[in-house]
Every structure is written in C-alpha cells, then in structure tokens.
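# I'd like to go over a predicted model; first the sequence, then the structure.
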Amino acid sequence: MTLALEVNHVSKAYQDFMIEDLSFSVPKGYIMGLIGPNGAGKSTTIKMILNLVKKDRGSIKIFGFDHIEHEIKVRERIGMVFDENHFYEDLTCAQVKKIIARFYKNWDERIYHNYMKQFQLPHDKKVKELSKGMKMKFAIAMALSHHAELIIMDEPTAGLDPIVRSEVLDILQEIVLDENKSVLFSTHITTDLEKIADYLTFIHDGQVVFSEAKDDVLEHYWLVKGDDSLLDQDRRHLFVGIRKSDYGFVGLTRDVEQVRGSLKNSVIYEKPSLEEIMIYTVKKG
Ligand SMILES: Nc1ncnc2c1ncn2[C@@H]1O[C@H](COP(=O)(O)OP(=O)(O)OP(=O)(O)O)[C@@H](O)[C@H]1O
C-alpha cells in the first residue's frame, strides 16, 4: 500500500503537555480521521506535519519525502484547511486568490472558478463579509485548486451547520474518488468520521490509542451492559472503561470473546458508536 503520509515515533514536549511516540500513516487514496477530545494534541500533530511547529523527535514523511528536507517540494502537493480563517479579512476573495495562487506552480483557474461557482461564493466580497460556512468553503476551494494530492484539514466542520457540514463531507468523499488523493481530517465530531473516514487515528493525551481501519474499530469494540454485582476486580480488567447507571454498569471492551467467556448471557451486548468509544476510553472510571 502506498502511503501519502507517515508519522513515525514523533514526540514533542510543551511545558504542560507532551506528544509521545506518535505513529500513524495515511494510505494513498483514503480518508484518515484524526479523532480525540479537546486538548488531545490533534492541532499540534497537524502543525508538526506541516512544520509550523518543530517536532522534538521522530520522522515525518510526505509522499515518501522528509517533510523538512523537502518542504518546498511537498508543500506544493498539499492543500491545507484550518478551522480559523487565515486569510486577510479586509481583502476580497478575488484578491486573496491572486496572492495565494502565486505560491503554487500547479494553480488551476478553471478548478478554482468551478468551486467558487459550486459553493456559490462571491468573488468581490471581502473575507470578513463571508459567513463562517462561506469562509470554510472558500478555504476548501483554495486548498483544492492547485491539484493537491494530500488535503490536511484541522477541524473543517467545527461550527458549521449540518447542511454545510454535510456538503463539506461530500466534497471530501469526492476528492478521494481520485485514487491519487488522500485526506487527513481532524475533528471531535465523531459522526462526521462515521460517515466518511476509511481509517481512524484516535489520540488521547498526546498518545495514539488506536490507528486502524474504521470498519475494524467498529467491529472490535463492544458495549456490555449488566448488573453491578457481576463486576469483580478480574472482570473489570476486561473493560477499557466502565460507567455506572441506575440500572447497573455499562462497559466498553475490545475483547468481547473474553467477556463472553466470563459473563456469558448474563449481560447485554451492543455495538458502540464512535462517540461512545471515545467517551469510555477517555473517561475510564
Ligand atoms: N504553543 C504552545 N505552547 C504550549 N502549549 C501548547 C502550545 N500549543 C498547544 N499547546 C498545548 O498542547 C495541548 C494540545 O493542544 P492541541 O491544540 O494540539 O489539541 P487539540 O487536540 O487540537 O484540541 P482542540 O480539539 O481543542 O483543538 C494543549 O494542552 C495545549 O494547551
């Protein structure tokens, strides 16, 4: 499998926070969702990939090239979208486009105009006059108009209404129909990832909890519901996280066969959502 992005054993220490030994990869032609709660380290990871923040250790390769040694070459082939607007607010879309287009050898006016039309964006409006959804669509149009092969998006759907969000997700799926293109997309809106991600990397407290195909994640995890009296110390160890309710306990497990061996049919087995997997993993107790 060809990899668009490889993050290998990357670490970074801030005063109060550490990314530790982070490894994951994005296969070419697929959408990787970077998932994790607030403060997990998603933005820092994305910034390290783009060399906007220096990593302390480890290696990052984009299209097989070191991301710093070949920074200029790989940047040409990346489209970036951030959750905050990084364009000059006082310029019109047309003026911003003129500035950005100069940075890319492969800038394609035809594609740019197609996206502006598809997203119903005005060329002559100032960026500050655009709604949040329009700003995000404009950022996406800019990121996609230079034949980028890897699209990196930090929380592209945060703060968007469900209709615009669903449009953005459709666009991401369209992108990877071209098998040469790949997407890395960070979010804490897990339902977005349930819809479109092929792979998931879950980061918590600066560490990777899992990085695997979404279908495998959803297949491996189970929720188990039962009476509190069934939970002794040994059985607790079978769960990633346990929550108590008035009706008993609910536990998340990755080893349902062991749980079945121990608790048989005295409990109820259900499939968790991605959100439940995240909540039980983060709030273990
Ligand atoms: N420049 C910095 N200096 C010191 N600490 C930082 C810096 N940037 C980020 N951090 C810390 O690193 C941690 C991870 O932040 P990061 O923005 O990567 O998380 P995130 O997963 O993207 O969160 P969110 O979903 O809220 O955007 C936080 O505790 C944050 O305070």
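Okay, I see it. Numbering: from 1, shown residues only.

# ranges for the helices of the stretch 101-250 of the chain?
According to DSSP state H, counting those that start in this stretch, the stretch 101-250 of the chain carries its helices in the segments 109-118, 132-144, 162-175, 190-196, 214-220, 233-236.

# ok, and what's touching the first one?
The contact list for helix 109-118 (C-beta atoms under 8 Å, 6 or more residues apart in numbering) reads 93, 97, 101, 121, 123, 137, 140-142, 144-145, 147. For the C-beta atoms, the positions are set from N, CA and C on the backbone; glycine is no exception.

# ok, of those, which one's closest to the ligand?
Nearest to the ligand among those, counting by C-beta to the nearest ligand atom, is residue 140 at 18.8 Å.

# which residues touch the closest one?
81, 115, 119, 156, 168, 171.

# returning to that earlier point: just flag the most distant two among the contacts of helix 109-118.
For the contacts of helix 109-118, the farthest-apart pair by C-beta to C-beta is 123 and 147; their separation is 21.1 Å.

# settle it for me: which of those two has more neighbours?
Just comparing residue 123 and residue 147: by other C-beta atoms under 10 Å the higher neighbour count belongs to residue 147, 17 against 11.

# ok, back up a step: quick check: the two most widely separated of the contacts of residue 140?
Maximum distance among the contacts of residue 140 (C-beta to C-beta): 14.3 Å, for 115 and 156.

# give me the more crowded residue out of the two.
Between residue 115 and residue 156, counted using other C-beta under 10 Å, the more crowded position is residue 156 (28 against 18).

# quick one: the more buried one and residue 183 touch, right?
No. Between residue 156 and residue 183 there is no contact under C-beta atoms under 8 Å: 9.7 Å.

# quick one: low-confidence parts of the stretch 151-285 of the chain?
Along the stretch 151-285 of the chain, the model assigns pLDDT under 70 to residues 284-285.

# and residue 222, how far from the ligand?
Distance, residue 222 to the ligand, by C-beta to the nearest ligand atom, to the nearest Å: 26 Å.

# how many neighbours does the residue nearest to that residue when sequence neighbours are not counted have?
Nearest residue to residue 222, sequence neighbours excluded (C-beta to C-beta, 6 or more residues apart in numbering): residue 256, at 4.3 Å. Residue 256: 16 surrounding residues under other C-beta under 10 Å.

# and residue 149, by the same measure?
By other C-beta under 10 Å, neighbour count at residue 149 equals 19.

# show me which residues of the stretch 101-250 of the chain sit near the ligand.
The stretch 101-250 of the chain comes close to the ligand at residues residue 188, as judged by C-beta under 6 Å from any ligand atom.

# most proximal residue of the stretch 101-250 of the chain with respect to the ligand?
Counting by C-beta to the nearest ligand atom, the stretch 101-250 of the chain gets nearest the ligand through residue 188, at 5.4 Å.

# quick check on the contacts of helix 109-118: which are buried?
93, 97, 121, 137, 140-142, 144-145, 147 (16 or more other C-beta atoms under 10 Å).

# from these, which is closest to residue 278?
Nearest member of the buried ones among the contacts of helix 109-118 to residue 278, counting by C-beta to C-beta, is residue 140, at 25.4 Å.
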